[in-house]
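Visitor: Kindly generate the corresponding structure for this input.
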Amino acid sequence: MKIDRPFKAEYIWLDGYQPEPNLRSKTKIIASGTMELHERFQPDAYPSWSFDGSSTQQADGHFSDCLLTPIRVVPDPLRDDSVLVLCEVLLPSGEPHPSNTRSEIEDDEDMWFGFEQEYVLYPAGGEKPLGFPTGGYPEGQGKYYCGVGAEAVVGRDIVEAHLDACMACGLNVTGINAEVMLGQWEFQLLGKGTKNAGDELWLARYLLYRVAEKHSVKVELHPKPVKGDWNGSGMHCNFSNTRMREKGDKSYFDTIFKVLAKNHDLHIQHYGSSNDERLTGKHETSPITEFTYGVSDRGCSIRIPLSTGETWTGYLEDRRPASNADPYKIAKVMKQSFVEVDQAVAPLVIAQ
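Guide: Just a heads-up that it's a prediction; the model follows:
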């Protein structure tokens with residue numbers, strides 16, 4: 001059965017701005033009778049589409065077309081008769097564009113990533129976060145984390161609307177909470193697979209921007225948005241593979257720590273810009289020049305959750321990524337490190 005009325009498809013992609021890309025989108029009308037009903041959420045059913053890469057720092061004005069190829073389709077919970085179509089950017093030749101960080105990942109469905117995306121809400125055009133008084137600062141940190149009430153939190157209507165939107169379109173969002181600084185929030189999202197995890201996070205960010213736009217509010221992902229004695233914003237990354245989750249053992253985790261320590265600088269290069277302003281050794285961080293790990297220690301590079309430290313099975317939390325980091329880059333470098341881990345240990349055999 002073919003879809004009997006036109007609907008909107010919002011094509012979404014990452015531009016070529018550095019050091020971090022911006023989200024872009026535009027709407028294509030899918031004509032009635034051109035798609036089967038069962039194809040509505042199948043990326044292959046949607047046509048490729050071109051855009052002006054010279055306006056997104058992805059092409060020269062004399063040869064400006066870039067191509068969008070759909071990779072994920074979900075319902076658009078924020079407008080009627082619409083879907084969100086996440087895309088990769090290709091060159092006219094069909095090869096991945098140099099800005100296409102997703103194409104650089106070795107896909108691995110065995111790796112899971114639980115992202116904890118922190119962000120700060122600002123009035124549009126404002127210089128300080130929501131809730132900060134004009135010409136001054138609010139009471140210092142202490143009562144805002146997981147706070148309740150008008151004196152402890154601001155922007156909850158935006159945060160709740162974003163949570164509802166993520167759930168409505170099927171993203172695997174697992175929670176929200178107010179964070180340590182006034183106007184700062186976090187959502188958590190579990191992605192299974194190196195590419196899928198990044199896809200889910202970028203879609204969740206897109207929905208957050210859309211919801212905030214309705215309220216004339218800006219979403220700030222800078223890792224140190226307010227200077228001084230205020231927490232920065234990170235995107236802590238909880239990660240695991242089957243061996244960690246099902247077999248573990250301390251020697252395997254020790255190998256992980258050894259490889260991550262060796263590759264610390266490489267990871268930092270992929271973990272977002274201006275992260276040195278946040279990773280100072282204060283405000284629940286480890287210095288950017290050091291690699292540390294510890295059980296239940298939020299001042300370390302890698303926090304070992306209590307449950308993992310007791311049984312040496314489970315997951316680890318990488319606290320180094322900045323709030324503005326590209327999740328595709330995180331997945332890429334983490335996968336590279338785990339290739340080294342797997343080369344250093346005996347193969348895993350799981351009884352069937």
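
Visitor: just for the stretch 251-352 of the chain, where's the confidence low?
Guide: Under the criterion of pLDDT under 70, the regions of the stretch 251-352 of the chain flagged as low confidence span 347-352.

Visitor: ugh, wrong one, the chain
Guide: Counting by pLDDT under 70, the chain contains low-confidence ranges at 347-352.

Visitor: Contacts only, for the nearest residue to Glu118 once chain neighbours are set aside.
Guide: Taking C-beta to C-beta, 6 or more residues apart in numbering, and ignoring the residues beside it in sequence, Glu118 has Ser233 as its nearest neighbour in space, at 4.0 Å. Using the backbone N, CA and C atoms, a C-beta is placed for each residue, glycine as well. Applying C-beta atoms under 8 Å, 6 or more residues apart in numbering, we find Ser233 in contact with 118-120, 179, 184, 220-225, 278, 322-323.

Visitor: how does it look with 7 Å?
Guide: 118-120, 184, 221, 223, 225, 323 (C-beta atoms under 7 Å, 6 or more residues apart in numbering).

Visitor: Among the residues you listed, which ones are in helices?
Guide: Of the contacts of Ser233, none are assigned to helices by DSSP state H.

Visitor: Now intersect these with the strands, please.
Guide: Taking DSSP state E, the ones among these that sit in strands are 118-120, 184.

Visitor: ok, the residues you listed vs Tyr252, which is closest?
Guide: Tyr252 lies nearest to Glu118 out of the ones in strands among the contacts of Ser233, by C-beta to C-beta, at 29.8 Å.

Visitor: just checking, that closest one touches Asn324?
Guide: No - when contacts are counted by C-beta atoms under 7 Å, Glu118 is not listed as touching Asn324 (10.2 Å).

Visitor: between these two, who's got more neighbours?
Guide: Remark: of Glu118 and Asn324, Glu118 carries more neighbours, 23 against 20, as counted by other C-beta atoms under 10 Å.

Visitor: Who are the contact partners of the more buried one?
Guide: Remark: with contacts taken as C-beta under 7 Å, 6+ apart, Glu118 is in contact with 179, 184, 186, 233-235, 323.

Visitor: Now secondary structure too, for those, in TSV please.
Guide: Supplementary listing: those in TSV, determined by DSSP: H, G, I helix; E, B strand; the rest coil:
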residue	secondary structure
Glu179	coil
Gln184	strand
Glu186	strand
Ser233	coil
Gly234	strand
Met235	strand
Ser323	coil
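
Visitor: Tabulate the residues you listed (TSV), appending distance to Val345.
Guide: Converted to TSV, these look like this (distance: C-beta to C-beta, whole Å):
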residue	distance to Val345
Glu179	37
Gln184	39
Glu186	34
Ser233	35
Gly234	29
Met235	28
Ser323	33
